[in-house]
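Novice: sequence and predicted structure, then a few things I'm wondering about:
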Amino acid sequence: MKNIVIIDHEPLTVRKKEAWHIEKLQQAGFNVYFWDVSQYIHPGMTIVDTLDEPYVVCLDTYQTVESQLALTNIPQTIFIVEVPENWNTRLLFRLLSASNCYTIRIELYASIYMDNSSIRSWRKLMTAPWVLYKMKLRELWSGFRYRIYKQKHGIKAYNLQISSHNTPATDVLINHPDWENYKSDITIHSEPLFSEPYIVFLDEYYPLHPDLHFFTKERVGDVQRYRQSIIAFFDNYEKLHAVKIVIAAHPKADYQPGDFGNRPIIKYQTNALIRHANGVFLHCSAAVAYAIMLDRPIAFFTNNEYNRTATRVYFQTKMADNFQYPVWNIDQDPLEKIKPMKTIPTVREQYIYGNLTSPDIENRRTADILIETFKTL
């Protein structure tokens, strides 16, 4: 198969282009196409820094997907599907299955959380807002409906599952993108971006993140109150500890100067910022992987506005519990108690080799593994 079609529920961005290894696949001789179905799946979605490349095809309805598929040489094409498989996308998966497409699921950012779930975590989740349980019930009902639909219409499973998460369901193991960045940066002795000691905040673009508005569609906190709380906390923390706090902006963020006070807001340099930081603040960021690999001291925190979003509370509780950290509420807990701490060594190793890489491939490049795999299909 010489053609690769990536069907994505989000537009192509700089981060997406790198994560899919599009240029390396092209250099290996594959014809790569990116089908942007964001307007079909999430009408009205916009993401800052969207790329306009010649291989991008924007498909905004089921009919346009069907027409594009009719123009495709299906027997010579690998379909990498980055679309949630659920009731709302059932027609798309039915079409791919009926057309006998060879489909692959690649978990690019798998395993933010470890598999273990402690009693402590469950006790915390018992106090979660009722809205979370209503959402979970809706998800269960939607999943049940989809499973019945899938069985009725003979929708086949993915032909291949590729992930950095080492589980029986994974057919091909790859490295997490942050692991590869870590390995490529490990011999680089770059100069810090700041001369004074600093702590980096791993931003989630809350509460303006597109996922909250187009995917989960749930209640979020007020932007101004959220930021005022964060700025006040950072101001007081800097005075108490004589340390600078800088913002590692989320890739989808669109900030203006001053949104976090007078603090630097830096995009696309999260790894470099973490590498030289004295500590890391976060809510529930996937960039925690790099902080764990570099063994940076970490502190999870929330505030009253962030706690208005039930799924964020759930995922933050789960992530912090997996790494055995407390979650501090900066609107309620004493400032003196909030301090980044290093991860327990055994927990760190378990996370790295269960979620980010595996001993057999830790020194290989994911692009090479994908190219080798695709050439055998």
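Specialist: Structure's in. What do you need? Keep in mind the model is a prediction, meaning the values are calculated, not measured. Numbers count the residues shown, from 1 in each chain.
Novice: in the stretch 1-150 of the chain, where is pLDDT below threshold?
Specialist: Low-confidence segments of the stretch 1-150 of the chain (pLDDT under 70): 110-136.
Novice: would you list every one of the strands in it?
Specialist: With DSSP state E, counting those that start in this stretch as the criterion, the stretch 1-150 of the chain has strands at 3-8, 31-36, 56-58, 77-82, 102-107.
Novice: now those as a markdown table including mean neighbour count and distance to residue 241?
Specialist: Any C-beta I mention is one placed from the backbone N, CA and C, and that applies to glycine too. As requested, those are exported to a markdown table (neighbours: other C-beta atoms under 10 Å; distance: least, C-beta to C-beta, whole Å):
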| stretch | mean neighbour count | distance to residue 241 |
| --- | --- | --- |
| strand 3-8 | 21 | 42 |
| strand 31-36 | 21 | 45 |
| strand 56-58 | 16 | 46 |
| strand 77-82 | 22 | 41 |
| strand 102-107 | 19 | 38 |
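Novice: nearest to residue 375, out of those?
Specialist: Shortest distance between residue 375 and the strands of the stretch 1-150 of the chain, using C-beta to C-beta, is found for strand 77-82: 10.5 Å.
Novice: ok, now which ones touch residue 15?
Specialist: Applying C-beta atoms under 8 Å, 6 or more residues apart in numbering to residue 15 gives the contacts residue 251.
Novice: from residue 252, how far off is it?
Specialist: 9 Å (C-beta to C-beta, to the nearest Å).
Novice: same check, this time on residue 350
Specialist: Separation of residue 350 from residue 252 (C-beta to C-beta) stands at 30 Å.
Novice: ok, the two, which is more surrounded?
Specialist: When residue 350 and residue 252 are compared for neighbours, residue 252 comes out ahead with 19 against 16, by other C-beta atoms under 10 Å.
Novice: so that one: helix, strand or coil?
Specialist: coil (DSSP: H, G, I helix; E, B strand; the rest coil).
Novice: and it, what does it touch?
Specialist: 13, 47-49, 205, 209-210.
Novice: select only the buried ones of those in ChimeraX?
Specialist: Remark: buried members of those, expressed as a ChimeraX selection using 16 or more other C-beta atoms under 10 Å:
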select :13,47,49,205,209,210
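Novice: now do the strands in the stretch 251-377 of the chain.
Specialist: Using DSSP E, counting those that start in this stretch, strands in the stretch 251-377 of the chain cover 259-262, 265-267, 279-282, 298-302, 327-329.
Novice: give me the contact list for the first one.
Specialist: With contacts defined as C-beta under 8 Å, 6+ apart, strand 259-262 is touched by 201, 227, 230-231, 234-235, 247, 265.
Novice: widest-spaced pair of those residues?
Specialist: The largest separation in these, counting by C-beta to C-beta, is between 235 and 265 at 15.8 Å.
Novice: out of these two, which sits in the busier spot?
Specialist: More neighbours surround residue 265 than the other of residue 235 and residue 265, with 17 against 14 (other C-beta under 10 Å).
Novice: the more buried one contacts residue 257, doesn't it?
Specialist: Yes - between residue 265 and residue 257 there is a contact under C-beta atoms under 8 Å: 7.4 Å.
Novice: same list, the contacts of residue 252, but as TSV with distance to residue 104 please.
Specialist: Converted to TSV, the contacts of residue 252 look like this (distance: C-beta to C-beta, whole Å):
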residue	distance to residue 104
13	21
47	23
48	28
49	26
205	29
209	27
210	25
